[in-house]
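Trainee: Curious how this folds, go ahead:
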Amino acid sequence: RLEPHAYYFCKAPGCNCKCREYRFDANYSKCEYCGHGPVQHYSRFNRDVVNPIRKYGYIGAGRNAFVTLKREVFDKSLLRRT
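Mentor: Next up, the predicted model:
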């Protein structure tokens with residue numbers, strides 16, 4: 001249910017790399033899955049939710065990020081309070 005926000009994606013053209021863990025070789029120079037560099041990868045959750053909230057708060061893009069957080073993350077997951 002949280003698929004797009006739980007993964008790291010590769011920005012390289014034509015690359016379909018999608019992984020849950022940010023894994024690179026010992027030199028931190030290439031991805032273990034696709035071979036592209038770490039700069040080519042991004043976290044969908046950080047890009048769409050965390051960064052806009054940090055940058056704008058609850059105004060403009062930050063507000064849209066809060067709406068995304070509610071609709072695409074919280075509404076699709078069951079949070080229990082114990």
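Trainee: any low-confidence regions in the chain?
Mentor: Within the chain, the segments meeting pLDDT under 70 span 1, 79.
Trainee: same thing but 80
Mentor: Within the chain, the segments meeting pLDDT under 80 span 1-2, 78-82.
Trainee: now the strands: where do they sit in it?
Mentor: Taking DSSP state E as the test, the strands found in the chain are 8-10, 18-19, 41-43.
Trainee: Kindly reformat those strands as JSON lines containing distance to residue 52 and mean neighbour count.
Mentor: For every residue, glycine as well, the C-beta is placed using N, CA and C. As requested, the strands of the chain are arranged in JSON lines below (distance: least, Cβ to Cβ, whole Å; neighbours: other Cβ atoms under 10 Å):
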{"stretch": "strand 8-10", "distance to residue 52": "17", "mean neighbour count": "19"}
{"stretch": "strand 18-19", "distance to residue 52": "22", "mean neighbour count": "16"}
{"stretch": "strand 41-43", "distance to residue 52": "13", "mean neighbour count": "18"}
